[in-house]
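Chemist: I need the structure of the sequence given here:
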Amino acid sequence: MIRRLRRASTFAAVAALAALAPTLGDAAVVPFLAVAGLAFFGIRDGEWFETLALPGDREEERLYGLVAFSVAAAGLALFASLPRAPLPYEAFAAAALAVGGGRFGRELVGRSTTDEFPLVAGYVGVGALAAFVGQVAVRLQTAALGVDGGFSLDGPVPAPGVDPAGAASLATALPDLVFIASVAALTAALVRSLVFARDAHITVILVAFAVWGFLALDPAVTVPLVAFGLGVTVALGYISFALGTASVPGMLTGVLSALLAVVLGGVGWFLTLMSFYAVGGLASKYRFDEKAARGVAQENEGARGTGNVLANSAVALVALVGYAATAHVALPPAPFALAFAGATATAMADTLSSEIGGLFDGPRLVTTLKRVDPGTDGAITWQGEFAGLAGALLVGGLAAVGMPLGDLVDGGVVVLAGVAGMTVDSLLGALVEGDRIGNQTVNFLATLSGAAVAVGLGVTVL
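Modeler: Next up is the predicted model:
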């Protein structure tokens with residue numbers, strides 16, 4: 001355990017070099033290449049090798065894990081130094097320190113427990129704190145040096161919190177820093193849960209470009225908004241994990257999605273999305289043993305993983321990002337809001353129709369209306385259809401009240417879109433779902449159709 005903590009400390013120390021990138025400038029790549037060279041050529045055995053070696057390194061007698069991480073950081077450092085549209089130093093520092101600090105936090109917590117939730121919490125908590133400190137260091141340097149610190153869809157700009165004269169105003173930038181640090185740490189933890197733990201080089205690259213994207217959007221982050229977003233999403237994430245409605249990767253995906261919804265959209269967007277996560281998750285656990293006996297229960301004991309969450313939420317999240325981007329490009333925001341609500345209504349309607357309808361006998365195939373066995377792809381019951389309609393009505397009502405849709409007519413459009421998407425899901429289940437096209441693909445296509453119907457009806461009716 002001591003060796004693992006020392007190894008994580010070394011990775012964190014290497015990551016911390018990213019915070020010096022503004023001062024080093026074009027030479028920011030040098031320390032990372034130096035670490036990579038030393039690890040590859042200079043440390044082949046002995047105590048340091050045993051301490052820093054990841055699983056698989058000992059067989060190869062090379063510290064490939066540390067080398068790969070250092071080379072990935074060197075590549076990002078080089079990209080951050082390019083003269084045209086560079087990767088912002090903030091994104092570089094936040095990504096590197098979220099990964100390096102996150103590894104250290106996980107190992108630190110691992111000294112006292114092996115439970116996955118506290119380990120993930122340690123990764124996210126320490127990773128977010130490290131990413132925050134890294135951004136502060138970058139902003140102080142960019143202010144002193146007069147270097148551009150941020151990037152928007154309109155082009156390179158000084159980082160928020162740095163005035164035109166170059167004086168740092170960290171107090172006003174705190175919400176932005178906390179939001180970016182949280183996104184970096186949650187994204188790093190999520191990517192880590194989906195790939196091998198030793199692939200820190202892949203994680204840091206993906207996190208850097210994700211953070212770059214959110215810096216480009218330059219959302220209007222306030223203290224109450226980020227405090228509400230973090231507090232509520234973390235609490236709900238823990239509850240979903242504790243109740244068994246989501247796995248750890250699924251929980252991370254849900255928390256990250258909900259945080260983005262509240263910051264990029266607003267509280268109304270957050271409540272609309274959370275209605276699906278909360279009600280859909282509880283519906284999966286409702287009378288679970290009975291559904292398991294009938295062969296219609298959600299796999300993994302009802303705990304939804306990343307694939308399931310993204311299959312139902314990916315379209316909505318793309319619409320959310322598109323809505324945030326309309327502040328920088330000449331596109332109307334209304335279609336993106338309708339797409340978000342339509343996709344979410346579809347996900348809610350489809351989930352409730354499946355989870356509630358599966359408890360009743362006499363299902364019929366949607367294409368022929370012939371009786372089929374429970375659990376047959378494309379099978380429907382009138383009880384399930386009614387439950388799905390109720391779910392679409394809930395989302396439509398929340399969207400009409402809390403989102404920039406306009407009035408109840410827009411809410412009605414969302415309800416119709418949800419029912420249409422639910423029907424498309426059943427049709428796809430009956431016609432194409434099988435060995436080559438799985439349930440998650442069908443869910444994604446159904447939410448895409450719900451979003452399309454909402455936008456199409458919105459343009460036609462409104």
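Chemist: low-confidence regions, the chain specifically.
Modeler: Confidence mapping of the chain against pLDDT under 70 gives the ranges 1, 83-85, 146-169, 196-198, 296-304, 406-407, 435, 462.
Chemist: count the residues that sit near Ile294.
Modeler: Careful, residue 294 is Arg; it's not Ile. One way to gauge burial is a neighbour count; for Arg294, by other Cβ atoms under 10 Å, it gives 16. For every residue, glycine as well, the C-beta is placed using N, CA and C.
Chemist: what residues are up against it?
Modeler: Neighbour list for Arg294: Gly358, Leu359, Pro374, Gly375 [criterion: Cβ atoms under 8 Å, 6 or more residues apart in numbering].
Chemist: longest helix of this protein?
Modeler: When every helix of the chain is counted residue by residue (DSSP state H), the longest turns out to be helix 116-145.
Chemist: buried residues in it, which are they?
Modeler: Across helix 116-145, burial judged by 16 or more other Cβ atoms under 10 Å covers 119-143.
Chemist: for that helix, name the packing helices and strands.
Modeler: For helix 116-145, the elements it packs on are helix 2-16, helix 21-24, helix 89-110, helix 170-194, helix 248-260, judged by 3 or more Cβ pairs under 8 Å, 6 or more residues apart in numbering; DSSP states H and E.
Chemist: can you say which of these is packed in most?
Modeler: For the helices and strands packed on helix 116-145, average neighbour numbers computed from mean count of other Cβ atoms under 10 Å are highest in helix 89-110, which has a mean of 30.
Chemist: pull the contacting residues for Phe336.
Modeler: Listed by Cβ under 8 Å, 6+ apart, the contact set of Phe336 reads Ala319, Leu320, Gly322, Tyr323, Thr326.
Chemist: now with 10 Å?
Modeler: Phe336 makes contacts with 265, 318-326, 404, 451, 455, as judged by Cβ atoms under 10 Å, 6 or more residues apart in numbering.
Chemist: dump these into CSV; add neighbour count, secondary structure and distance to Ile180 as well.
Modeler: Rendered in CSV, the data for these read as follows (neighbours: other Cβ atoms under 10 Å; DSSP: H, G, I helix; E, B strand; the rest coil; distance: Cβ to Cβ, whole Å):
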residue, neighbour count, secondary structure, distance to Ile180
Gly265, 25, helix, 17
Val318, 16, helix, 20
Ala319, 26, helix, 22
Leu320, 24, helix, 17
Val321, 17, helix, 15
Gly322, 18, helix, 20
Tyr323, 26, helix, 19
Ala324, 22, helix, 14
Ala325, 17, helix, 17
Thr326, 15, coil, 21
Pro404, 16, coil, 25
Ala451, 27, helix, 28
Val455, 20, helix, 30
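Chemist: of those, closest to Leu63?
Modeler: For the contacts of Phe336, the closest approach to Leu63 (Cβ to Cβ) belongs to Val321, at 37.8 Å.
Chemist: and the helices in the stretch 201-350 of the chain, which stretches?
Modeler: Taking DSSP state H, counting those that start in this stretch, the helices of the stretch 201-350 of the chain run over residues 223-243, 248-260, 267-285, 288-294, 306-325, 334-357.
Chemist: any idea how far the closest residue to Leu145 other than its chain neighbours lies from Tyr89?
Modeler: Excluding its sequence neighbours, the residue lying closest to Leu145 (Cβ to Cβ, 6 or more residues apart in numbering) is Pro22, at 6.0 Å. Pro22 sits 5 Å away from Tyr89 when distances are taken as Cβ to Cβ, to the nearest Å.
Chemist: hmm, back to that, for Leu38, state which of the contacts of Phe336 is nearest.
Modeler: Among the contacts of Phe336, Val321 lies closest to Leu38 (Cβ to Cβ), at 40.2 Å.
Chemist: how much space between that closest one and Leu177?
Modeler: For Val321, the distance to Leu177 under the criterion Cβ to Cβ works out to 20 Å.
Chemist: and Thr447, by the same measure?
Modeler: Applying Cβ to Cβ, the value for Thr447 to Leu177 is 33 Å.
Chemist: most neighbours among the contacts of Arg294, which one is it?
Modeler: Gly358 (22 neighbours).
Chemist: what separation is there between it and Leu273?
Modeler: With distances taken as Cβ to Cβ, Gly358 is found 24 Å from Leu273.
Chemist: and Val414, by the same measure?
Modeler: From Val414 over to Leu273 (counting by Cβ to Cβ), the distance is 13 Å.
Chemist: of the two, which one has the most company?
Modeler: For the pair Val414 and Leu273, the greater number of neighbours falls to Val414 (34 against 29), based on other Cβ under 10 Å.
Chemist: these two touch, right, Pro118 and Val109?
Modeler: Yes - between Pro118 and Val109 there is a contact under Cβ atoms under 10 Å: 5.3 Å.
Chemist: need the residues touching each of those two.
Modeler: Jointly contacting Pro118 and Val109 under the rule Cβ under 10 Å, 6+ apart are Gly125.
Chemist: to Trp48, which of the helices of the stretch 201-350 of the chain lies closest?
Modeler: Distances from Trp48 to each of these were compared by Cβ to Cβ, and the smallest falls on helix 248-260, at 32.3 Å.
Chemist: find the nearest non-adjacent residue to Leu273, please.
Modeler: Ala261 (4.7 Å).
Chemist: and the one you found, how many neighbours does it have?
Modeler: Here the neighbour count serves as a burial measure; for Ala261 (other Cβ under 10 Å) it reads 26.
Chemist: show me the contacts for it.
Modeler: Taking Cβ under 10 Å, 6+ apart as the contact definition, Ala261 lies against 229, 233, 267-274, 313, 316-317, 320, 340, 344.
Chemist: 8 Å instead?
Modeler: So, once contact is read as Cβ under 8 Å, 6+ apart, Ala261 ends up touching Trp269, Phe270, Thr272, Leu273, Met274, Leu320.
Chemist: can you tell me what sits against stretch 361-376?
Modeler: Contacts for stretch 361-376 (Cβ under 8 Å, 6+ apart): 294-296, 357-358, 378-381, 384, 423, 426-427, 429-431.
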